[in-house]
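Participant: Quick one, fold the following:
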Amino acid sequence: MTIVTVLVAILCFGIIIMIHEAGHFFVAKKSGIRVLEFSIGMGPALISKQKGETKYSLRLLPIGGYCAMEGEDDNSDDPRAFRKAAVWKRMLVTVAGATMNLILGFFLILLLTCMDERITSTTVADFRKNDDGKSISTSEQWLQKDDRFVKINGLRIYTMQDVFYALQNDDADTFTVIVERGGQLVTLENVEFRDTETNGMIDFYVYGQDKTVGRVLSYTGKQFVSTARLIWISLRDLIKGKYGFHDLSGVVGIIGSTTEYVQMSETLRDKAMSLIDLMSFITINVGIFNLIPFPALDGGRLVFLIIEAIRRKPIPAKVEGTIHFAGLALLMVLMVAVTFQDITKLFQH
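Facilitator: Numbers count the residues shown, from 1 in each chain. I've put the predicted structure just below:
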């Protein structure tokens, strides 16, 4: 991997973090909450500048960032302290970071869709054939041309990304497929997908569609929903034990994967599209992950605010601060362990 590609990957990850923290920052400012520091990165400060009541910092380690607000985790007599603001304002501040990540993800997918030559449908156009014109597709025994995928093994299909996931992340050899055929829903049992020459599971082609404003917006929405859902599915599978610790990646792993993914593309345009594609996935991942109701994450803080709104009385600052500190400590331990694993994998390659 070239140093330029690595620096571009680091820059893109930094932009994703900056967008997240900027969400907290701007909503806090609009809500009249005093912001003490807006920082991109963690660790020692490389650049730090005080402007008004807020210090702006760029720190050494590109593994996160923060928007430090007055009285966020302790009591403060400042009338503009975080805990002095109305509950609904604090809720908006809390979810603003994740919301900005999700908005960024949507617009990156929109940009990628506009850059693509055509829009990929989920309707079967043909089946794979060899040079002699003979079919090498096993799914042709069940599927027909113009079938539109609706579900595969219970997974609702919005885009071809869902088809890839359903076929490649299920241990089953055959699949229950629901398609729309001639305006009717048809259930196909024990469908086998296999290219008999390559053994690949994508043994069919789908139609490409000309771009219109409506199709671009519709496809962008579907791809956004598909990506967000697959992230939730992955988190669920992680909790269930389908994936182990060795499957996790931290910042080092993400940057490494980004550089490898981009370098697989040949032209500069393809590299740019690959980078945008991965950035959209990462920023949506960051947004969803931060909404998990775990202490120290935005979702954990939101839970405390919801409890406060219901009981009309805040949780004592010391109690909430201790819980968030414990959650942060656990996350930092996990981050260090995952980073060590990422570095080990790099040397193994």
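Participant: Who are the contact partners of the residue sitting nearest the centre point of the chain?
Facilitator: With distances taken as C-alpha atoms, centre = their mean, the chain has Asn285 as the residue nearest its mean C-alpha position (2.2 Å). Asn285 makes contacts with Ile231, as judged by C-beta atoms under 8 Å, 6 or more residues apart in numbering. For glycine as for every other residue, the C-beta is placed from the backbone atoms N, C-alpha and C.
Participant: in the protein, which spans are strands?
Facilitator: Ranges of strands within the chain are 35-51, 54-69, 119-127, 148-152, 155-156, 175-181, 184-191, 204-209, based on DSSP state E.
Participant: what does the second one contact?
Facilitator: Counting by C-beta under 8 Å, 6+ apart, the neighbours of strand 54-69 from elsewhere in the structure are 10, 13-14, 17-18, 20-21, 24-25, 28, 33-50, 81-82, 93, 97, 250-251, 335, 339.
Participant: what mean pLDDT does that strand have?
Facilitator: Averaging pLDDT along strand 54-69 gives 85.
Participant: and the angle for that strand with strand 35-51?
Facilitator: Angle, strand 54-69 to strand 35-51, by axes from the mean of the first three to the mean of the last three C-alpha atoms, to 10 degrees: 170 degrees.
Participant: separation between the closest residue to Lys84 other than its chain neighbours and Phe82?
Facilitator: Using C-beta to C-beta, 6 or more residues apart in numbering and skipping the chain neighbours, the partner closest in space to Lys84 is Gly71 (6.7 Å). The gap separating Gly71 from Phe82 is 5 Å, by C-beta to C-beta, to the nearest Å.
Participant: Compare neighbour counts for the two and give me the winner.
Facilitator: Counted by other C-beta atoms under 10 Å, Gly71 and Phe82 do not tie: Phe82 has more neighbours, with 24 against 20.
Participant: which ones are touching the more buried one?
Facilitator: Counting by C-beta under 8 Å, 6+ apart, the residues that Phe82 touches are Ala28, Ile33, Met69, Glu70, Gly71, Glu72, Ser76, Arg90, Val93.
Participant: Repeat that for Asp173.
Facilitator: Here Asp173 is in contact with Glu192 (C-beta under 8 Å, 6+ apart).
Participant: Likewise for Gln144?
Facilitator: Val124, Arg181.
Participant: rewinding a little: worst mean pLDDT among the strands of the chain?
Facilitator: Among the strands of the chain, strand 54-69 scores lowest, with a mean of 85.
Participant: List the buried residues in that one.
Facilitator: Within strand 54-69, the residues that count as buried by 16 or more other C-beta atoms under 10 Å are 54-59, 62-69.
Participant: how far out from the middle of the chain is it?
Facilitator: 21 Å (C-alpha atoms, centre = their mean, to the nearest Å).
Participant: what do you get for stretch 189-198?
Facilitator: With C-alpha atoms, centre = their mean, you get 30 Å for stretch 189-198.
Participant: Just the C-alpha atoms of that stretch, please, in PDB.
Facilitator: Provided in PDB are the C-alpha atoms of stretch 189-198 (Å, rounded to 0.1, in the frame of the first residue of the first chain):
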ATOM      1  CA  GLU A 189     -38.100 -23.900  -2.500                       C
ATOM      2  CA  ASN A 190     -34.600 -25.400  -2.400                       C
ATOM      3  CA  VAL A 191     -33.100 -23.100  -5.000                       C
ATOM      4  CA  GLU A 192     -29.400 -23.700  -5.600                       C
ATOM      5  CA  PHE A 193     -27.200 -20.900  -6.900                       C
ATOM      6  CA  ARG A 194     -23.900 -22.000  -8.500                       C
ATOM      7  CA  ASP A 195     -21.900 -21.200 -11.600                       C
ATOM      8  CA  THR A 196     -20.800 -24.700 -12.600                       C
ATOM      9  CA  GLU A 197     -17.500 -23.400 -14.100                       C
ATOM     10  CA  THR A 198     -16.400 -21.000 -11.300                       C
END
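Participant: quick one: contacts of it?
Facilitator: 128, 130, 136-139, 141-143, 167, 173-177, 200-204.
Participant: go with 10 Å
Facilitator: The contact list for stretch 189-198 (C-beta atoms under 10 Å, 6 or more residues apart in numbering) reads 127-130, 134-139, 141-143, 152-153, 163, 166-168, 172-177, 179, 200-204.
Participant: Show me how to select, in PyMOL, the buried members of the residues you listed.
Facilitator: Under the burial definition 16+ other C-beta under 10 Å, those of the contacts of stretch 189-198 that qualify are selected in PyMOL by:
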select buried, resi 127+128+136+137+138+139+142+143+152+163+166+167+175+177+179+201+202+203+204
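Participant: Could you tell me which ranges of the chain sit under the pLDDT cut-off?
Facilitator: 1-6, 63, 241-265, 338-343, 345-349 (pLDDT under 70).
Participant: all helices for this structure, in order.
Facilitator: Counting by DSSP state H, one finds helices in the chain at the ranges 3-30, 87-115, 160-168, 213-240, 251-263, 268-290, 298-311, 317-348.
Participant: Can I get the ones you listed in a markdown table including distance to Leu188?
Facilitator: Formatted as a markdown table, the helices of the chain follow (distance: least, C-beta to C-beta, whole Å):
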| stretch | distance to Leu188 |
| --- | --- |
| helix 3-30 | 40 |
| helix 87-115 | 30 |
| helix 160-168 | 13 |
| helix 213-240 | 22 |
| helix 251-263 | 34 |
| helix 268-290 | 30 |
| helix 298-311 | 39 |
| helix 317-348 | 40 |
